[in-house]
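>>> what's the 3D shape of this:
(one chain, ligands or ions: 1)
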Amino acid sequence: MSNHRTVRCRGPYGGEGAQAVGTDCSDPAVFEVARYDLPSLPVCPIHLGPSLLVASRVLWPPEIRLIGRP
Ligand SMILES: [Zn+2]
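Okay, the predicted model is just below:
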């Protein structure tokens, strides 16, 4: 039972432009990390922690939304 779309994890680097090469996770995203002037970054539980540290322009302190369930 899933009527919302499955968003893929784009962590931990964010997948913007040239950095997209470092984004190779294909798990469903469960959280969304807010960023300063970029779209929110969808991440799986595994990449939530790393993305806070290595993704560009993450808000600090972090703002994290739950967008799905594993
Ligand atoms: Zn991931």
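
>>> So which residues on this structure come close to the ion?
Near the ion, the residues belonging to the chain are 9, 11, 25, 27, 44, 47 when assessed by Cβ under 5 Å from the ion. C-betas here are computed from N, CA, C, even on glycine.

>>> Got the confidence number for the first one?
Note on Cys9: pLDDT of 91.

>>> sorry, back to before: out of the residues of the chain next to the ion, who's the most crowded?
Highest neighbour count within the residues of the chain next to the ion: Gly11, with 29 neighbours (other Cβ atoms under 10 Å).

>>> can you tell me which residues contact that one?
When contacts are counted by Cβ atoms under 8 Å, 6 or more residues apart in numbering, Gly11 touches 23, 25, 41-44, 46-48, 50-51, 55.

>>> Tell me the secondary structure of the closest residue in space to it that isn't next to it in sequence, please.
Spatial nearest neighbour of Gly11, excluding adjacent residues (Cβ to Cβ, 6 or more residues apart in numbering): His47 at 3.0 Å. Recorded secondary structure, His47: helix (DSSP: H, G, I helix; E, B strand; the rest coil).

>>> Likewise for Leu53?
With three-state DSSP as the criterion, Leu53 reads helix.

>>> Run a quick neighbour tally on it.
Quick note: Leu53 (other Cβ under 10 Å) scores 9 neighbours.

>>> Thought Leu38 was touching Arg57, still the case?
Yes - Arg57 sits in contact with Leu38 when judged by Cβ atoms under 8 Å, with a separation of 5.4 Å.

>>> could you pull out the helices for this structure?
45-54 (DSSP state H).

>>> give me the low-pLDDT residue ranges for it?
Segments of the chain classed as low confidence (criterion: pLDDT under 70) are 1-5, 15-23, 70.

>>> dump the residue contacts of Ile46.
9, 11, 25, 27.

>>> swap in Gly68?
Each residue near Gly68 by Cβ under 8 Å, 6+ apart is listed here: 4, 6-7, 28-30.
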